[in-house]
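Trainee: Show me the folded form of this:
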Amino acid sequence: MRYSKVLLIPVAYYQSAYRPGDVPDLALGYIAEYLQVNGIEYNTIDMNLGYHFDDIVTKIKDFQPSIIGFAMKSYRYKDSYALITRIKDAFPLIPIVVGAAHVSIEKERVLDECPAINFGIVKEGEDAFLELCQGKPLSEIKGLIYRESGKSIFNGERPFRRDIQSLPWPKYEKFELKKYWYPGMMVLSSRGCPEKCTFCAVPNVSGNWWRFRTPESMIEEIKYWYDKGYRRVEFLDDNFTLDMNRILNFCDLVKKENLKGLILNVPQGVRADRVNKHLLQRMRDVGFISIAFGVEVGNPRMLSIVKKGESMETIEHAIRDAIDVGFDVHLNMMVGFPDQTVEDVEDTFNFALRFPIRWATFNNYVPYAGTEGYENAKARGLLLIPPSEYLNDINPKSERIIVATPQISTEQRHYIEQKIPQVQSEIRKKYHVRRLMREYGYFGRMVGTLYSHSIIPKSLFNWAIKVKHETGIQ
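Mentor: You can find the predicted model right below:
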């Protein structure tokens, strides 16, 4: 069976720093581009843009796809099941294929739990999806899950692509780019991560083998979007600076191209042991303005438990270097690990408060199936809620307790959750003081200090900045 027309549907969900409707789905963007360059027609309807089931029905009737593809995340996966089932009920003859993180982790279980799904694709989907569309015998497609005589069959892992350079990057020609809220473009310059953090699902989805694109390929993609009017680029790599020389060479190319007004950001969280001040200064010089560090915890004991593979000294040094060269710094932290104590959490808060960073997140630890942290918590009987419930009911910002923390009482957990916004408020104030002092001298120091001590409200703070701009007060 060959499939010549594919309808791709990103389901609505929250992802890291972005809200539904902020940005197009990067993974489906890669699938779409790969299918298109290989002669398979595609179209899309993004549920993150506010569309409803009736809109999907209209799209299917107009486009007449021969197969429908979904990108499924683990968060609220039952909502995806429900939507897929409704589509299958309305169009029973159109096969449905699903891919992305949830399928990569759960494999055959996804087809077993949702009979409306015909195929699943595990991990990198470009080649398996193309072979499916081209009519290759199902039993010969590595990475594919399908049904035979009512039984779900998985053909086994497909080797990761050695050369991601040869993959065409997304151009989103059938995506409604003008409807997305965020004014920047997402770029992926590498896949995978060799680290062994116990909480991270990346190895189960993208692999431990880090594969990368060349600086020349990266700048080609950026120039493409620059020529279309985009001046902001976000790198969504899981380990952007693993090869520091690659990024230095990339910075040389950015400088050579002289792309005026270009703003570059790294919001996913780089490793502190894969940057140095020279690299950070070079990145800042060519237009990188913000960077996130995956810090996670606040003391050596917890770093060892989550197998971060870094020291607190290394992390602190990298943060200070980034601040010194002018970056807006974001720290990604977590609370609720099984072996954390109240003192460990306080160390996490205090560590973040030591720096004039722009922001810090303190997400509730969510154990994903297949990670070492999940297997450990499960073996120790520490999961208070089954994954089928917590993955469909909460998100990392939820206050609901998922994993038992024997060293922290329920009352202490509630105290921690109440303290998080207080810590974030203090971080925000320190950042404003630093920014104002840097930009407005004595005037900024005065206004920022008053604001940081809550002596003046935010409305008056904004008025003072307006006065500065209008009068030029130093």
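Trainee: any idea which helix or strand of the chain has the worst average confidence?
Mentor: Between all helices and strands in the chain, the lowest mean by mean pLDDT, DSSP states H and E belongs to helix 458-471, at a mean of 52.
Trainee: what does the domain assignment say about the protein?
Mentor: 5-154, 183-408 (automatic domain parsing).
Trainee: Redo those domains as CSV? Include mean pLDDT, mean neighbour count and distance to residue 421.
Mentor: In short, each C-beta sits where N, CA and C put it, glycine included. Listed next are these as CSV, based on pLDDT from 0 to 100; neighbours: other Cβ atoms under 10 Å; distance: least, Cβ to Cβ, whole Å:
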stretch, mean pLDDT, mean neighbour count, distance to residue 421
domain 5-154, 92, 19, 18
domain 183-408, 93, 18, 9
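Trainee: any chance of these in TSV, plus distance to residue 175?
Mentor: As requested, these are exported to TSV (distance: least, Cβ to Cβ, whole Å):
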stretch	distance to residue 175
domain 5-154	5
domain 183-408	11
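Trainee: so which of these gets nearest residue 419?
Mentor: Nearest to residue 419, of all those, is domain 183-408, at 6.8 Å by Cβ to Cβ.
Trainee: Now do the end-to-end distance for the closest one.
Mentor: 42 Å (Cα to Cα, to the nearest Å).
Trainee: same deal with stretch 41-57?
Mentor: 19 Å.
Trainee: Outside of that stretch itself, list whatever touches it.
Mentor: For stretch 41-57, contacts defined as Cβ atoms under 8 Å, 6 or more residues apart in numbering pick out 4-13, 20-22, 24-25, 28, 32, 35-36, 59, 63, 65, 83, 86-87, 90, 174-176, 179-180.
Trainee: How far away from the center of its chain is stretch 373-382?
Mentor: Mean C-alpha position of stretch 373-382 versus that of the full chain (Cα atoms, centre = their mean, to the nearest Å) differs by 25 Å.
Trainee: now swap in stretch 274-281 and tell me
Mentor: Averaging C-alpha positions (Cα atoms, centre = their mean) puts stretch 274-281 23 Å from its chain's average.
Trainee: Report the spatially nearest residue to residue 231, omitting neighbours in sequence.
Mentor: residue 261 (4.8 Å; Cβ to Cβ, 6 or more residues apart in numbering).
Trainee: likewise residue 279?
Mentor: Once flanking residues are discounted, residue 279 sits nearest to residue 244: 5.1 Å by Cβ to Cβ, 6+ apart.
Trainee: Report the beta-bridge partner residues of residue 291.
Mentor: Legend: beta-bridge partners of residue 291 under DSSP bridges are residue 266, residue 329.
Trainee: wait, isn't it in contact with residue 323?
Mentor: No: counting by Cβ atoms under 8 Å, residue 291 sits too far from residue 323 to count as a contact (10.0 Å).
Trainee: what sits in contact with each of those two?
Mentor: residue 329.
Trainee: hmm, back to that, give me the subset of the contacts of stretch 41-57 lying in strands.
Mentor: 5, 6, 7, 8, 9, 10 (DSSP state E).
Trainee: ok so, going back, quick check: phi and psi at the residue nearest to residue 231.
Mentor: Here is the backbone geometry of residue 261 (degrees, to the nearest 10): phi 80, psi 0.
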